[in-house]
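Undergrad: need a structure here:
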Amino acid sequence: MLVSRRSCLTGGGAAGIALLSGCARAPAATRIGFIVKQPEAQWFQDEWRFARAAGRKLGFEIIAIGAEDGDRVLAALNTLYARFAAGFIICAPDPRLGPAIAGFARTTGLKPMSVDDRLMAADGRPIADIPYTGISAVSIGRLAGEAAAAEATRRGWARDTTGILRISFDSLETGRERTAGAVAALRAAGYPTTAIKDAPQRTSDTEGAFSAAAPVLTANARYDRWIILGLNDETVIGGVRAAEGLSLGSTEIIGVGIGGSEAAIAELAKPSPTGFHASVLLSPRAHGYDTAAAMYRWITTGRAPPPVTLTSGRLLTRANYRDVLAQEGMA
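TA: Model (predicted):
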């Protein structure tokens, strides 16, 4: 059900009259909705923070709403319409909500953008006329693989005694693409297919990765050095802990994560190096500030954002993580 822009709840007295008056006309400043599927997650908190920074600089207001399921998405869209938003950016809890979201935008005239997860049509294809900003999962993975290969070369590791542990979460397309990019980079660096050992995980966290990695490492004891890859930092840290549990030291492990999470920063900040060598930092600034600014330009000038914008990442190591975080506004 579509909520009227002029509908409102009123109470008695002057407060009710003021509220009714406020519902009767649009606000002076442009309002842009920013809906995310996991409002408690640091990534989405950072997206909101950067979107608000864009609003302060350019002169618009962000209405930030968390929507963990389809019903909450519909409620959030109705809220934005009732509050005179001119457009919205959304990371939906399910990309298959695409037709409903696109239909709402057409009916109300709100301009839509999707971020992080692309909205899908009923036939399973991306909705081409909704601009999308996402992460190039393959490129991110390739950067992780290249970093691991470069560090192994620096250490003088022989390829025939180096195992590659791919902690896999192939049910998630992004996870599959990230690890595929990493493996492709290592193959290009000369590592044989036989060195790649898959460790399917049931959950994409550190505990799930540890449980997946330990038996694979044990079964492949012929390798005395390991490159460890996965879809995120937590996965790689779980693999590193499993390798350490088999008495492998930091000089015998090269783990490269993805995300630049707090867990990764904690590893890189430890006084002594661990097997967690690096992380590929994803940019919430690009997904928050840049998308909000693009939406504002679309609303005020009619210049639509590109149909697809894919972002890459930056490598964080013990040597540079403080500087890179400061440059990204995340220190």
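
Undergrad: Please make it C-alpha for all contacts and neighbour counts, starting now.
TA: Will do.

Undergrad: quick one, longest helix in the chain?
TA: Determined from DSSP state H, the single longest helix within the chain is helix 137-155.

Undergrad: any idea of the mean pLDDT for that one?
TA: Mean pLDDT, computed over helix 137-155, is 97.

Undergrad: Give me the angle between the next helix or strand after that helix and helix 137-155.
TA: Following helix 137-155 in sequence order, the next helix or strand is strand 162-168 (DSSP states H and E). Angle, strand 162-168 to helix 137-155, by axes from the mean of the first three to the mean of the last three Cα atoms, to 10 degrees: 160 degrees.

Undergrad: quick one: strands adjacent to strand 162-168?
TA: In the sheet, strand 162-168 lines up against strand 196-200 (parallel), strand 225-229 (parallel) (DSSP bridges).

Undergrad: Mind giving me the packing neighbours of the next helix or strand after it?
TA: Counting by DSSP H and E, the next helix or strand C-terminal to strand 162-168 is helix 173-188. Applying 3 or more Cα pairs under 8 Å, 6 or more residues apart in numbering; DSSP states H and E, one finds that helix 173-188 makes contact with helix 137-155, strand 162-168.

Undergrad: What's the separation between the closest residue in space to residue 187 that isn't next to it in sequence and residue 163?
TA: Nearest non-adjacent residue to residue 187, counting by Cα to Cα, 6 or more residues apart in numbering: residue 193, 7.2 Å away. Going from residue 193 to residue 163 by Cα to Cα, to the nearest Å gives 10 Å.

Undergrad: now do residue 232
TA: 19 Å.

Undergrad: I figured the residue nearest to residue 187 hits residue 185, correct?
TA: No: using Cα atoms under 8 Å, residue 193 is not in contact with residue 185, being 11.9 Å away.

Undergrad: out of the two, which sits in the busier spot?
TA: More neighbours surround residue 185 than the other of residue 193 and residue 185, with 22 against 12 (other Cα atoms under 10 Å).

Undergrad: and the strands paired with strand 162-168, which is most packed in?
TA: strand 225-229 (a mean of 28; mean count of other Cα atoms under 10 Å).

Undergrad: continuing past that one, what's the next helix or strand?
TA: By DSSP H and E, the next helix or strand past strand 225-229 is helix 233-245.

Undergrad: How about residues contacting that following helix?
TA: With contacts defined as Cα atoms under 8 Å, 6 or more residues apart in numbering, helix 233-245 is touched by 167, 204-211, 213-214, 217, 228-230, 250, 253, 255-261, 263-264, 275-276, 279.

Undergrad: Now do the following helix or strand past that helix: everything it contacts.
TA: Using DSSP H and E, the helix or strand that directly follows helix 233-245 along the chain is strand 253-259. Residues from elsewhere that reach strand 253-259 (Cα under 8 Å, 6+ apart): 140-141, 144-145, 147-148, 151-152, 225-237, 239-240, 243, 264, 275-282.

Undergrad: how does it look with 7 Å?
TA: Residues from elsewhere that reach strand 253-259, judged by Cα atoms under 7 Å, 6 or more residues apart in numbering: 144, 148, 225-233, 236, 240, 275-282.

Undergrad: Partner strands of it, with direction?
TA: Partners of strand 253-259 in its sheet, by DSSP bridges: strand 225-229 (parallel), strand 276-281 (parallel).

Undergrad: Relative to residue 75, which of those strands is closest?
TA: Checking the strands paired with strand 253-259 against residue 75 by Cα to Cα gives strand 276-281 as the closest, at 32.9 Å.

Undergrad: CA atoms only for that closest one, dumped as CSV, please.
TA: Only the C-alpha atoms of strand 276-281 are listed here, as CSV (Å, rounded to 0.1, in the frame of the first residue of the first chain):
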residue,chain,number,x,y,z
PHE,A,276,47.6,-12.9,8.3
HIS,A,277,49.7,-10.9,5.9
ALA,A,278,47.3,-8.4,4.3
SER,A,279,43.7,-7.5,3.5
VAL,A,280,42.1,-5.8,0.5
LEU,A,281,40.3,-2.8,1.9
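
Undergrad: Which strands and helices lie in contact with the following helix or strand past it?
TA: Where DSSP H and E defines the elements, the next helix or strand beyond strand 276-281 is helix 284-285. Helices and strands touching helix 284-285, as assessed by 3 or more Cα pairs under 7 Å, 6 or more residues apart in numbering; DSSP states H and E, comprise helix 42-58.

Undergrad: With just CA atoms, put the helix it packs on into CSV.
TA: Extracted in CSV, the C-alpha atoms of helix 42-58 (Å, rounded to 0.1, in the frame of the first residue of the first chain):
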residue,chain,number,x,y,z
GLN,A,42,30.1,-1.6,10.3
TRP,A,43,30.2,-1.6,6.5
PHE,A,44,26.7,-0.1,6.3
GLN,A,45,27.3,2.2,9.2
ASP,A,46,30.3,3.6,7.3
GLU,A,47,28.2,3.9,4.1
TRP,A,48,25.7,6.0,6.0
ARG,A,49,28.4,8.1,7.5
PHE,A,50,30.0,8.9,4.2
ALA,A,51,26.5,9.6,2.6
ARG,A,52,25.8,12.1,5.4
ALA,A,53,29.2,13.7,4.7
ALA,A,54,28.2,14.2,1.1
GLY,A,55,24.9,15.7,2.3
ARG,A,56,26.6,18.2,4.5
LYS,A,57,28.9,19.3,1.7
LEU,A,58,26.4,19.5,-1.1
